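Undergrad: Sharing a sequence plus its predicted fold:
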Amino acid sequence: MQQPSQRPAGPGWIIVASICIAALMVLWQVLPQLDGMLTGNTGTPRTVTPRGDLGRDEQATIHLFENARGSVVSISTAHLVEDVWSRNVYSVPQGTGSGIIWDNAGHVLTNFHVIQGASEATIRLADGRKFRASLVGVSPDHDIAVLRIGVAFRRPPPIPIGTSHDLKVGQRVFAIGNPFGLDWTLTTGIVSALDRSLRASTGSGGVQHLIQTDAAINPGNSGGPLLDSSGRLIGMNTAIYSPSGASAGIGFAVPVDTIMDVVPQLIRAN
């Protein structure tokens, strides 16, 4: 029996396939819009949910920072280098650190290692003004240095002085400084230990009776204030213990009782 001959496929199936592909593409484009309409996600701005009042601890921390910020300065140091060929002298940036307005006479407290080996230091206040600093005196054994600037008007106020002999492990502390050049940074923590000692990199025997804290202290924080919850100066941030050179939760500060013994002597001797 003779089989019926098969007709060659016509262009109809190509048209149908094209229509199906076009429909799928349209559906692919429309689905997200349909989903947005169904779920209410139409691209309009979200409604802002009002928050309640800040907590008392938040308000206290904000108040502490705003009161102390103007008394913390940024210090940039440089050393002079002579070109052996031209005999020209250039000022080469050396490093940065932090400092504390000590009194109304323009004295600024910082670490000795911040200015060690520097030929000049520039101090920038919180309002952006810059001043060339003069060296008043140093105590490498305590990692303390006193600088002075001439501020004729709008003098920043000194931070209120506290005590360090009555500090307790677990007490809250606050550090302000310029870590990695990030100016006026606030970190918080607690007193982790007392009466610590560090081997000094200054050639002296070492710095004694330090406050240990877990408040984040990084390069650039050196010379900045360590405050208690009342905003009083209880120490000056001086060093970190870290294999990587960044904060590892162990920082140290020169206690304010030591500062009160050393700084007036340095000022009187000038």
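TA: That came through, no problem.

Undergrad: Would you indicate which residues of stretch 254-265 are buried?
TA: Buried residues in stretch 254-265, counted by 16 or more other Cβ atoms under 10 Å: 254-259, 262-263. To be clear about C-beta, it is placed using only N, CA and C from the backbone, and glycine gets the same treatment.

Undergrad: I'd like to know which of these is nearest to I14.
TA: Distances from I14 to the buried residues of stretch 254-265, taken as Cβ to Cβ, are shortest for V254 (85.8 Å).

Undergrad: Just give me the neighbour total for R129.
TA: R129 is flanked by 13 other residues according to other Cβ atoms under 10 Å.

Undergrad: outside of stretch 174-183, which residues touch it?
TA: For stretch 174-183, the external contacting residues (Cβ atoms under 8 Å, 6 or more residues apart in numbering) are 61, 64-65, 68-69, 72, 74, 96-98, 184-189, 213, 215-229, 237, 247, 251, 253.

Undergrad: same thing but at 6 Å, please
TA: With Cβ atoms under 6 Å, 6 or more residues apart in numbering as the test, stretch 174-183 has contacts from 68, 72, 74, 96, 98, 185-188, 215, 217-218, 220-221, 224-227, 237.

Undergrad: What distance do you get for D214 to A193?
TA: For D214, the distance to A193 equals 10 Å [Cβ to Cβ, to the nearest Å].

Undergrad: Quick check on these two: which one has the bigger neighbour count.
TA: A direct count of neighbours by other Cβ under 10 Å for D214 and A193 places D214 higher, at 18 against 13.

Undergrad: Would you confirm that the more buried one contacts T188?
TA: No - taking contacts as Cβ atoms under 6 Å, D214 lies outside contact range of T188: 9.4 Å.

Undergrad: Report the contact partners of N111.
TA: N111 sits next to 143, 222-223, 238 when contact means Cβ under 6 Å, 6+ apart.

Undergrad: At which residues are the helices of the stretch 101-250 of the chain located?
TA: Using DSSP state H, counting those that start in this stretch, the helices found in the stretch 101-250 of the chain span residues 112-115.

Undergrad: in it, which segments are predicted with low confidence?
TA: Across the stretch 101-250 of the chain, the ranges flagged by pLDDT under 70 are 199-206, 240-248.

Undergrad: mind listing the strands in it by residue range?
TA: Here the stretch 101-250 of the chain has its strands, by DSSP state E, counting those that start in this stretch, at 107-110, 120-124, 130-139, 144-148, 172-177, 185-198, 207-213, 225-227, 233-240.

Undergrad: on that earlier part again, any idea which of the contacts of N111 has the most stuff around it?
TA: Highest neighbour count within these, by other Cβ under 10 Å: G223, with 32 neighbours.

Undergrad: residues in contact with the residue lying closest to that residue once chain neighbours are set aside?
TA: Nearest residue to G223, sequence neighbours excluded (Cβ to Cβ, 6 or more residues apart in numbering): T110, at 3.5 Å. By Cβ under 6 Å, 6+ apart, T110 lies in contact with 75, 99, 145, 223.

Undergrad: And G99, by the same measure?
TA: By Cβ under 6 Å, 6+ apart, the residues touching G99 are 73, 75, 108, 110, 223.

Undergrad: one step back: can you tell me which of the contacts of N111 is closest to E120?
TA: Minimum distance to E120 across those is 16.3 Å, recorded for G223 (Cβ to Cβ).
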